[in-house]
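Trainee: I need the structure of the sequence given here:
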Amino acid sequence: MLFKGIFRQLREIRDGCERKSRSRANRKCVNGRGKSHIAPESPPSPSALIQESCWANLPPELLLDIIQRLESSQTSWPGRRDVVACAGVCRSWREKTKEIVRTPEQCGLLTFPISLTQPGPRDSPIQCFIKRGRATSIYSLYLGLSPALSGDASKLLLAARRIRRATNTQFLISFATDDFSQANDTYIGKLRSNFLGTKFIIYDSQLPCDHAIQSSNRSHRKLDSKPQACSRVPAGRYRMATISYGLNLLRTRGPRRMLCTMHSIPISAIQEGGTALIPSTSWSCLDERCSLPSLSKGKNLVKSYSGNPVEPLKSVHDTRDPLILKNKVPRWHEQLQCWCLNFKGRVTVASVKNFQLVAAVEPCQNVPATEQEKVILQFGKIGKDVFTMDYCYPLSAFQAFAICLSSFDTKPVCE
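Mentor: Residues are numbered from 1 along each chain as shown. This is a model prediction of the structure:
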């Protein structure tokens, strides 16, 4: 009852401010008809009224207890939106919410938009599903087990629109299903393919805040090594990952072979005691994001396919080398006469698009055996135009969604 009363009073303050604004505008039209007049001072905004209200002056201990109880009680959507509402009350509430709400890696929950660019949990994956719109060429990512089980409680996370061009295919990724403009804040990044559909590049919409990008590619914008403020640059400037599919020139039947080089995730993230880099956020605007720091060097991190089996690059390894993911090799089932993988009940329809990604490591990289066998991302079909997507540390929802989108594009030389 306490939480309901708080939100009810906050709504009353906001509605009261709107009514006062409308009444002053009406009096101006009636009393000032036909005469020149000086425009009255604009009424204070709802956020300013709330900042001056009793809720902004709550004792810090009481405010901390209120937000802690709300955060622990609302562990799923749509109830999770109450936690987001707390961060939008005023500055003091936002600071307390910032202290309490943890990253998906720590709590396994998605709360703010910045959570979609942060690594997932280590222990159990975050389960999502993708709905494909054939008529609109829009792909929507929802939080939940499946449309049948989640129903109206499904939370829209990301959306992508496929744009076919003469030389490539692009997927524009956004927070909204009706706005894919690269000039708006809802735009998060894009996925672009080559002509044959064998290589895809994931681009983020923002450059790193305080790290320099070292690359021989002239299309990348170079920054000084000095720390500087994070600013938005032309969309598609920051290369986050590269996805390559193996060629199948002999047209033999079998699963696809794919290799993902995560330029923004070092191999040290899955080593003993390693951690993935977490993008920061500006809490003055909950939708504002900062991209992950770049760890790529000025060398080519992905080897082109020539029909040979998938193999990780052999070079001098250190903790700054990028994490490389490969698809888990399925086994041939004699009775079913098909290639099979253990999706643990999350995939029910056979499809060439189904895959599981694991880390491609070498013995000299000192990666524990449990991390080598761990499925970091799995994607598969469960119905017509419905697919499941389960991801975990060190991938983020945005990275996992972009990798899965590459599976939807046509690949005539890979199948």
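
Trainee: what's downstream of the helix or strand of the chain with the lowest mean pLDDT, the next helix or strand?
Mentor: None of the helices or strands of the chain scores lower by mean pLDDT, DSSP states H and E than helix 46-52, at a mean of 50. Going down the chain from helix 46-52, the next helix or strand is helix 60-73, by DSSP states H and E.

Trainee: Next, residue 335: secondary structure please.
Mentor: coil (DSSP: H, G, I helix; E, B strand; the rest coil).

Trainee: Could you measure from it over to residue 342?
Mentor: 16 Å (Cβ to Cβ, to the nearest Å). All C-beta spots, glycine's among them, are computed from the backbone N, C-alpha and C.

Trainee: and the two? which has more neighbours close in?
Mentor: Regarding residue 335 and residue 342, a neighbour count based on other Cβ atoms under 10 Å identifies residue 342 as having more, with 13 against 6.

Trainee: Am I right that the more buried one is in a strand?
Mentor: No. Going by three-state DSSP, the assignment for residue 342 is coil, not a strand.

Trainee: so residue 353 touches residue 381, yeah?
Mentor: Yes. Between residue 353 and residue 381 there is a contact under Cβ atoms under 8 Å: 6.4 Å.

Trainee: Can you give the contact residues for the strand or helix carrying residue 141?
Mentor: Taking DSSP H and E as the definition, one finds residue 141 inside strand 138-143. Strand 138-143 is contacted from outside by 77, 110, 126-133, 150, 154-162, 171, 177, 389, 397, 401, 405, 408, using Cβ atoms under 8 Å, 6 or more residues apart in numbering.

Trainee: and if we set it to 6 Å?
Mentor: Contacts with strand 138-143, where a contact means Cβ atoms under 6 Å, 6 or more residues apart in numbering, come from 128-132, 154-161, 177, 401.

Trainee: Most neighbours of all the residues you listed, which one?
Mentor: residue 401 (30 neighbours).

Trainee: Which strands or helices does the host helix or strand of that residue pack on?
Mentor: When elements are assigned from DSSP H and E, residue 401 belongs to helix 397-406. Counting contacts by 3 or more Cβ pairs under 6 Å, 6 or more residues apart in numbering; DSSP states H and E, helix 397-406 packs against strand 155-164, strand 187-193.

Trainee: what ranges do the helices span in the stretch 251-400 of the chain?
Mentor: For the stretch 251-400 of the chain, the helices defined by DSSP state H, counting those that start in this stretch occupy 369-373, 397-406.

Trainee: deepest of the ones you listed, which one?
Mentor: helix 397-406 (a mean of 26; mean count of other Cβ atoms under 10 Å).

Trainee: how about that helix as PDB, C-alpha atoms only?
Mentor: Output of helix 397-406 as PDB, limited to C-alpha atoms (Å, rounded to 0.1, in the frame of the first residue of the first chain):
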ATOM      1  CA  ALA A 397      21.400  -8.600 -25.500                       C
ATOM      2  CA  PHE A 398      22.400  -6.300 -28.400                       C
ATOM      3  CA  GLN A 399      25.300  -8.400 -29.400                       C
ATOM      4  CA  ALA A 400      23.400 -11.700 -29.200                       C
ATOM      5  CA  PHE A 401      20.400 -10.200 -31.200                       C
ATOM      6  CA  ALA A 402      22.700  -9.000 -33.900                       C
ATOM      7  CA  ILE A 403      24.400 -12.400 -34.200                       C
ATOM      8  CA  CYS A 404      21.100 -14.100 -34.500                       C
ATOM      9  CA  LEU A 405      19.900 -11.600 -37.200                       C
ATOM     10  CA  SER A 406      22.800 -12.700 -39.400                       C
END
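
Trainee: Would you mind listing the outside residues contacting the helix or strand that the strand holding residue 141 is followed by?
Mentor: Once strand 138-143 ends, the next helix or strand along the chain (criterion: DSSP H and E) is helix 147-150. Outside of helix 147-150, the residues within contact range by Cβ under 6 Å, 6+ apart are residue 144.
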